[in-house]
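Novice: Predicted structure and sequence below. I'll ask about it afterward.
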Protein chains: 2
Amino acid sequence: MKYDLNQKITRGAQRTLSAFTQSMFTLLAKESFEKIKVNELCELSNFPRATFYNYFQDKYDLLNYCWRVLADQINVVELTSLDHKEIPMQFFDRAYDLLSENKALFDQIMAHNEVDGTLINSFSSYMKTVTRDYLTQYFNQTASNLPIELVVNHFSNTILMLIEWIFLTNHPVTKEQGHQYLRALLGNL
Amino acid sequence: MKYDLNQKITRGAQRTLSAFTQSMFTLLAKESFEKIKVNELCELSNFPRATFYNYFQDKYDLLNYCWRVLADQINVVELTSLDHKEIPMQFFDRAYDLLSENKALFDQIMAHNEVDGTLINSFSSYMKTVTRDYLTQYFNQTASNLPIELVVNHFSNTILMLIEWIFLTNHPVTKEQGHQYLRALLGNL
DNA sequence: AGATGATATATACAAGTGTCCAATTTTATT
DNA sequence: AATAAAATTGGACACTTGTATATATCATCT
């Protein structure tokens, strides 16, 4: 990301960021990520190439920003103190809702992109970071004698594996059924 | 992969495949994957660009083939009937040995490539496929009422997460300690 | 309204990518 | 050793990428 998101974002900058983000999602619904050219994104957004490169290193950079925009919805509610055991479930619920709300978009994306391609890898990678950061806040100590990092990784992986199984490989499952699966997979940790 | 690996591989083809594979590993130990150019690979291998493109779509394709060459060592021994519970441990052991034997290589690679970069994603992705294929052979049924696919994914993810934690982020752990961790993480499934 | 700093734009450029093709060399087989 | 199939080669090509720079336009503040 060439543009500094921490500074005050001007109206023009916001317009540009939104335009490119929107264009990326539009194109992803129509063709594979590999085939998308920076020129296409610029034409659809009505901005010259130079502007694109003012904001992003390359299309991967923009893609990452897209996930960020999407996933930002997930952190709206701050959690008050909760039973430790319920934290993963809470996060699963939020991810479930997020993907549900954007189900149409993801369905279209999956129609043009391989499950193990660059695009989904990028999504998984971003979500993994978000999930780990979130869980790390609440897992200061663990009952078992396992390194905390391992436990956090394991919980993140499991939650996301289930989410991706449900929404990206089209295995419709209710939220309650998801809870059952998650509980069974995570066992007594 | 443009070249058909199922046909009889001629001496010349084998020489070419090996040369490019070797060059890729050599360069990965020296610089990041992103910086490696097809021209570099060709110069080091003493083959013209046209030959490279006779075999591979692009450098990502070659990278994938490299993982294949590396991981092929893992499947040497055929398993006889074993206790179901021991299958994941067996696979962990093989992966552990494979990474141990190539520890020097991976250490060098990690010195120039990010843990969450394209390179490691590609490695993870390939290993995940191999692991899933392997486990699927032996997990025809599961004790719990979970979909088999979920269980296989979960086991693969956990084994690989641990392997990567040990070898790619440099947390030295003995094989026996690894077994303990794995047993704790997988619980009673 | 005018000054200032941020953003947008046009254009040019070097470098890398991936494809194609026709000629040549190597290899496997008889 | 002759033959046919397979692999290598060099060169040309269109296209995409990412950078750089100078100028123009916009937004915000006093």
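Specialist: Yep, it's here.
Novice: Flag every residue of chain A that's near DNA strand D.
Specialist: With the criterion set to CB under 7 Å from any atom of the strand, chain A comes near DNA strand D through A:10-12, A:37-39, A:49-50, A:53, A:57-59. Placement of C-beta: from N, CA and C, glycine included.
Novice: at 6 Å instead, please
Specialist: With CB under 6 Å from any atom of the strand as the criterion, chain A meets DNA strand D at residues A:10-12, A:37-39, A:49-50, A:53, A:58.
Novice: Show me what counts as buried in the helix or strand where residue A:15 lies.
Specialist: Taking DSSP states H and E as the criterion, the element that holds residue A:15 is helix A:11-28. Applying a neighbour-count criterion of 16 or more other CB atoms under 10 Å in any protein chain shown, the buried positions in helix A:11-28 are A:13, A:16-17, A:19-21, A:23-25, A:27-28.
Novice: try stretch A:134-147
Specialist: Of the residues in stretch A:134-147, A:134-135, A:138-139 count as buried by neighbour count, 16+ other CB under 10 Å.
Novice: roughly how far is that stretch from the heart of the chain?
Specialist: 23 Å (CA atoms, centre = their mean, to the nearest Å).
Novice: And the helices in chain A, which stretches?
Specialist: In chain A, the segments counted as helices under DSSP state H are A:11-28, A:38-45, A:49-55, A:59-71, A:86-101, A:103-112, A:118-138, A:148-167, A:175-186.
Novice: Report back the residue of chain A that's furthest from centre.
Specialist: The centre of chain A is farthest from one residue, residue A:145, which by CA atoms, centre = their mean lies 30.6 Å away.
Novice: Identify the residues contacting that one.
Specialist: Residue A:145 makes contacts with residue B:184, as judged by CB atoms under 8 Å, 6 or more residues apart in numbering or on different chains.
Novice: try residue A:183
Specialist: Applying CB under 8 Å, 6+ apart, no residues contact residue A:183.
Novice: Tell me how far it lies from DNA strand D.
Specialist: Using CB to the nearest atom of the strand, to the nearest Å, one gets 44 Å for the distance from residue A:183 to DNA strand D.
Novice: swap in residue A:168?
Specialist: For residue A:168, the distance to DNA strand D equals 25 Å [CB to the nearest atom of the strand].
Novice: Likewise for residue A:171?
Specialist: Using CB to the nearest atom of the strand, we find residue A:171 at a distance of 34 Å from DNA strand D.
Novice: Now for that residue, how many residues are close by?
Specialist: For residue A:171, the tally of surrounding residues (other CB atoms under 10 Å in any protein chain shown) stands at 13.
Novice: can you pull the pLDDT of it?
Specialist: According to the predicted model, the pLDDT of residue A:171 comes to 98.
Novice: Quick one, grab the pLDDT at the residue lying closest to it once chain neighbours are set aside.
Specialist: Leaving aside its chain neighbours, residue A:171 sits nearest to residue A:165 (5.6 Å; criterion: CB to CB, 6 or more residues apart in numbering or on different chains). Here, the pLDDT recorded for residue A:165 equals 98.
Novice: Check residue A:76 too.
Specialist: The predicted local confidence for residue A:76 comes out at a pLDDT of 57.
Novice: now swap in residue A:182 and tell me
Specialist: Per-residue confidence at residue A:182 stands at 97 (pLDDT).
Novice: what separates it from residue A:165, distance-wise?
Specialist: Applying CB to CB, to the nearest Å, one obtains 11 Å for the distance of residue A:182 from residue A:165.
Novice: got JSON lines for the residues of chain A next to DNA strand D, with pLDDT and distance to chain B too?
Specialist: JSON lines is the format used below for the residues of chain A next to DNA strand D (pLDDT from 0 to 100; distance: CB to the nearest CB, whole Å):
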{"residue": "A:10", "pLDDT": "93", "distance to chain B": "31"}
{"residue": "A:11", "pLDDT": "92", "distance to chain B": "33"}
{"residue": "A:12", "pLDDT": "93", "distance to chain B": "31"}
{"residue": "A:37", "pLDDT": "98", "distance to chain B": "16"}
{"residue": "A:38", "pLDDT": "98", "distance to chain B": "17"}
{"residue": "A:39", "pLDDT": "98", "distance to chain B": "20"}
{"residue": "A:49", "pLDDT": "97", "distance to chain B": "21"}
{"residue": "A:50", "pLDDT": "97", "distance to chain B": "23"}
{"residue": "A:53", "pLDDT": "98", "distance to chain B": "17"}
{"residue": "A:58", "pLDDT": "98", "distance to chain B": "10"}
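Novice: how close does the residue minimising distance to the centre of chain A sit to DNA strand D?
Specialist: Central residue of chain A (CA atoms, centre = their mean): residue A:127, 4.1 Å from the mean position. Per CB to the nearest atom of the strand, residue A:127 is found 23 Å from DNA strand D.
Novice: Skipping adjacent residues, who's closest to that residue in space?
Specialist: Of all residues not flanking residue A:127 in the chain, residue A:160 sits nearest, at 5.6 Å (CB to CB, 6+ apart).
Novice: Find the nearest non-adjacent residue to whatever residue of chain A ends up closest to chain B, please.
Specialist: Residue of chain A nearest chain B, by CB to the nearest CB: residue A:187 (3.0 Å). Nearest-residue entry for residue A:187: residue B:187, 3.0 Å, with adjacent residues in sequence omitted and distances by CB to CB, 6+ apart.
Novice: mind listing what that neighbour touches?
Specialist: Counting by CB under 8 Å, 6+ apart, residue B:187 makes contact with A:186-189.
Novice: care to break chain A down by domain?
Specialist: Chain A breaks down by automatic domain parsing into domains covering A:11-63, A:77-186.
Novice: For those, which has the smallest mean pLDDT value?
Specialist: Taking the average pLDDT of each of the domains of chain A, the minimum falls on domain A:77-186, with a mean of 93.
Novice: Chain B contacts on chain A?
Specialist: Within chain A, the positions near chain B by CB under 8 Å from any CB of the partner chain are A:116, A:121, A:125, A:129, A:144-147, A:149-151, A:153-154, A:157-158, A:161-162, A:165, A:171, A:181, A:184-189.
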